[in-house]
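Student: Make a model of this:
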Amino acid sequence: MGTLAQTVLPFKLGQPLHTFKQLDAQAREMSDNDAALALNNARRKLFHAISAAIKKQA
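Tutor: Here you go, the predicted structure:
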């Protein structure tokens, strides 16, 4: 079994997932409200994944 970070994070720390060019393009495609909703959804998923991983290790 790996560490909590290995269990929760789908990428290796220190490796960028996107370039600034990709992020800029994505930002132009979303309104501020849509971006806020996407952020909140991603945050909720992350916290649920962390919680599940902690419960699994306990």
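Student: So which bits of whichever strand or helix holds Asp24 are buried?
Tutor: In this structure, Asp24 sits in helix 20-29 according to DSSP states H and E. By neighbour count with 16 or more other CB atoms under 10 Å, helix 20-29 contains no buried residues. For glycine as for every other residue, the C-beta is placed from the backbone atoms N, C-alpha and C.
Student: tell me what that helix is packed against?
Tutor: Helix 20-29 makes packing contacts with no helix or strand when contacts are defined by 3 or more CB pairs under 8 Å, 6 or more residues apart in numbering; DSSP states H and E.
Student: How about residues contacting it?
Tutor: Residues outside helix 20-29 that contact it (CB atoms under 8 Å, 6 or more residues apart in numbering): His18, Ala35.
Student: what's the average pLDDT for it?
Tutor: Per-residue pLDDT values over helix 20-29 give a mean of 86.
Student: CA atoms only for it, dumped as CSV, please.
Tutor: Provided in CSV are the C-alpha atoms of helix 20-29 (Å, rounded to 0.1, in the frame of the first residue of the first chain):
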residue,chain,number,x,y,z
PHE,A,20,0.3,27.6,-19.5
LYS,A,21,-0.9,27.7,-23.1
GLN,A,22,-3.4,24.8,-22.3
LEU,A,23,-4.6,26.6,-19.2
ASP,A,24,-5.1,29.9,-21.0
ALA,A,25,-7.1,28.2,-23.7
GLN,A,26,-9.3,26.5,-21.0
ALA,A,27,-9.8,29.8,-19.2
ARG,A,28,-11.1,31.4,-22.3
GLU,A,29,-13.6,28.6,-22.8
